[in-house]
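Engineer: Kindly return the folded structure for what I paste below:
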Amino acid sequence: MTGQLSAGRQALLWLPILVWAGIIFAFSATPNLRVAQAADVDFVIRKAGHMFVFGVLAVLIWRALAYSAVRQAMWWSLALTAAYAATDEFHQSFTSGRHPSPVDVAIDSVGALLFLLALAVWLRSRRARAGAPRQDQD
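Structural biologist: Numbers count the residues shown, from 1 in each chain. The predicted model follows:
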């Protein structure tokens, strides 16, 4: 995943990130967002949703950085995702029925970390399979 990319290719790598960040922004701008009637179920679904959407964002950012040959793309992806999570919580402070929460920033960041760890495991296993001799050869 190294080498110089054209400006058009760079834009195509960053476009999904902008779209996904826009989706997150839209949900954050939704007043009194509830997904279930029962408060405890609503809480679990919303927090799992936080982890999922920010996990996806982290992987999208990693992809753009890795293809751009940015060193330590995983760490940069985690940092940029956590920073967006913090700005997202600030954005919620301007939305009726919503409030900013440092706990949500942590939940978002944990989601990003879990997705990036899963990605790292997948990449490592893929590299190991690519380097391992085939089973049908002696």
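Engineer: which outside residues touch stretch 119-135?
Structural biologist: 59, 62, 74 (C-beta atoms under 8 Å, 6 or more residues apart in numbering). All C-beta atoms are positioned from the backbone trio N, CA, C, and that covers glycine.
Engineer: Ok, stretch 85-99 next?
Structural biologist: Under C-beta under 8 Å, 6+ apart, the answer for stretch 85-99 is 24-25, 28-33, 54, 100-102, 104-105, 108-109, 112.
Engineer: Can you select the buried ones from the residues you listed in ChimeraX?
Structural biologist: The following ChimeraX line selects those of these that are buried, judged by 16 or more other C-beta atoms under 10 Å:
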select :24,28,54,100,104,105,108,109,112
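Engineer: hang on, the earlier thing: out of the contacts of stretch 119-135, who's the most crowded?
Structural biologist: Most neighbours among the contacts of stretch 119-135, by other C-beta atoms under 10 Å: W62, with 25 neighbours.
Engineer: wait, that one sits on L80?
Structural biologist: No. The criterion here is C-beta atoms under 8 Å, and W62 misses it with L80 at 9.4 Å.
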